[in-house]
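Visitor: predicted model and sequence below, questions to follow.
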Amino acid sequence: MPSYANRYISSLTRETYALILAGGRGSRLHELTDWRAKPAVYFGGKHRIIDFPLSNCINSGIRRVGIATQYKSHSLIRHVNRAWGHFKKELGESVEILPASQRYGDDWYCGTADAVFQNMDIIRHELPKYVMILSGDHVYRMDYGGLLAKHVETGADMTVCCLEVPCEEAANTFGVMTVDESKRVRRFDEKPATPSSIPGKPGTCLASMGNYVFNTEFLFEQLKKDAATEGSGRDFGHDIIPAIIEEHNVFAYPFRDPNYQGQPYWRDVGTLDSFWEANMELVMPEPQLDLYDPTWPIWTYQEQLPPAKFIFDNEDRRGMAVDSTVSGGCIISGSLVRKSLLFSNVHIHSYCQIEESVILPGAKVQRNCKIKRAIIDRSCEIPEGLEIGYDHKADLDNGFRVSNKGIVLVTRDMLTELNKKLKQQEHANKRLA
């Protein structure tokens, strides 16, 4: 028989509506988000970032989910429809797209709180007792059942999900909660230079993950007040939380991984360097983020693809991958792939060397290429003999982007411009000849 605790939590999840905020541009990812919103960015060999909060919801038993979209949302909407469109409304479950539709005025979503405010009528129609607001652009695994249970047990009006991080790591980076011994929030500071420590844990602070639980009617009251407040930024961190902590019960909930003693896995893959690093972590022998755990699957849309294929076993060319993750549909033809992550349908032609690189779906690498510490965007075709990541001056001259830590980003538009440049040089050389 199911335990009382399990029945209690499952009752809470059934009474919860989750709204995932997925309208972010992700400008620090530069050209990687020129044509897609950050939550639609590929991650982990076969997933998109949005799959992680969605899978957390479904695995936690929360099956009424809305996704607020805005910036360049076509690929995100297409992915969600393909991967998550099978839920049955008549069974009390749904994953719905909520694009900015000017339901309460002439503006698009003007902030995180405004994105929820503009969908209040849709949320109210679901009649939830609790509303969970989730960021759509972070990678982590979390059972939201414990968060909901703690929210109810503390009698909170709002609960803020937090990470325990070193103060020096949070400085100028995270919104930080100042709490008392009971974890009640007494102050909120947005990206403070000197974060306040947790009582009894000097040097450690509570950094907001951008995930919140509200009692539904309380949330609606605060959103209406905020919408009527002149000069508000319509943001939960900047406006809602500071306005309510004095008179209402706002509690912090530290996120912990029951299977891991250290800091739980949570990544904001918002820069090229952090995106590359998080993907590289997955090719380690025992990564902290275990995508192979059958008890907590990360659901996504999957094409029907053949297995990965490695061909040629000669001394001068051998198709092989070492310490790497290679997805379905890939062909490694007489080349070496080392410490890299290949998404689906990547084709590496002969005599290439790929090291410490993330190659997105459908990319093709022609013969005699060398690629190191790079991100190759979807459907790129790397011309024969090109070297990437070995000479950053040459990378910049070729029109590629080089990050602060030396990661090279290559996109189709960059390759188109490079091809034009090479043809112009070829014509100029012919004229001189």
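Guide: Happy to help now that I have it. Residues are numbered from 1 along each chain as shown.

Visitor: going forward, measure contacts between C-alpha atoms and count neighbours the same way
Guide: Will do.

Visitor: the stretch 1-150 of the chain: strands as residue ranges?
Guide: Along the stretch 1-150 of the chain, counting by DSSP state E, counting those that start in this stretch, strands occupy 16-21, 42-43, 47-48, 64-69, 94-99, 130-135, 139-140.

Visitor: okay, now the sheet partners of the last one, with direction.
Guide: So the one you mean is strand 139-140. Strand pairing for strand 139-140, determined by DSSP bridges: strand 266-267 (antiparallel).

Visitor: C-terminal to the partner strand, what's the next element?
Guide: helix 272-281 (DSSP states H and E).

Visitor: in terms of secondary structure, what does that next one contact?
Guide: strand 358-359 (3 or more CA pairs under 8 Å, 6 or more residues apart in numbering; DSSP states H and E).

Visitor: any idea of the mean pLDDT in the helix or strand just after the strand it packs on?
Guide: For strand 358-359, the succeeding helix or strand toward the C-terminus, using DSSP H and E, is strand 364-365. When pLDDT is averaged over strand 364-365, the result is 98.

Visitor: can you check stretch 119-129 too?
Guide: Computed over stretch 119-129, the average pLDDT equals 95.

Visitor: mind listing what's buried in it?
Guide: 119-120, 123, 128-129 (16 or more other CA atoms under 10 Å).

Visitor: residue 404 is nearest to which of the strands of the stretch 1-150 of the chain?
Guide: strand 42-43 (20.6 Å; CA to CA).

Visitor: what lines up beside that closest one in the sheet?
Guide: strand 47-48 (antiparallel).

Visitor: worst mean pLDDT among the strands of the stretch 1-150 of the chain?
Guide: Mean pLDDT, when computed for each of those, is lowest for strand 94-99, at a mean of 93.

Visitor: for this structure, which segments count as helices?
Guide: For the chain, applying DSSP state H gives helices covering 4-14, 51-60, 74-84, 112-117, 120-126, 144-153, 167-170, 216-227, 241-244, 272-281, 392-397, 412-432.

Visitor: now for the second one, which elements pack on it?
Guide: Under the contact criterion of 3+ CA pairs under 8 Å, 6+ apart, the helices and strands touching helix 51-60 comprise strand 139-140, helix 144-153.

Visitor: can you do 6 Å?
Guide: If you count contacts as 3 or more CA pairs under 6 Å, 6 or more residues apart in numbering; DSSP states H and E, helix 51-60 packs onto no helix or strand.

Visitor: mean confidence score for that helix?
Guide: 97.

Visitor: where in the protein is pLDDT low?
Guide: 1-5, 102-106, 433 (pLDDT under 70).

Visitor: can you rerun that using 80?
Guide: 1-7, 101-108, 259-262, 432-433 (pLDDT under 80).

Visitor: got a list of contacts for stretch 65-82?
Guide: 17-23, 25, 36-37, 40, 95-100 (CA atoms under 6 Å, 6 or more residues apart in numbering).
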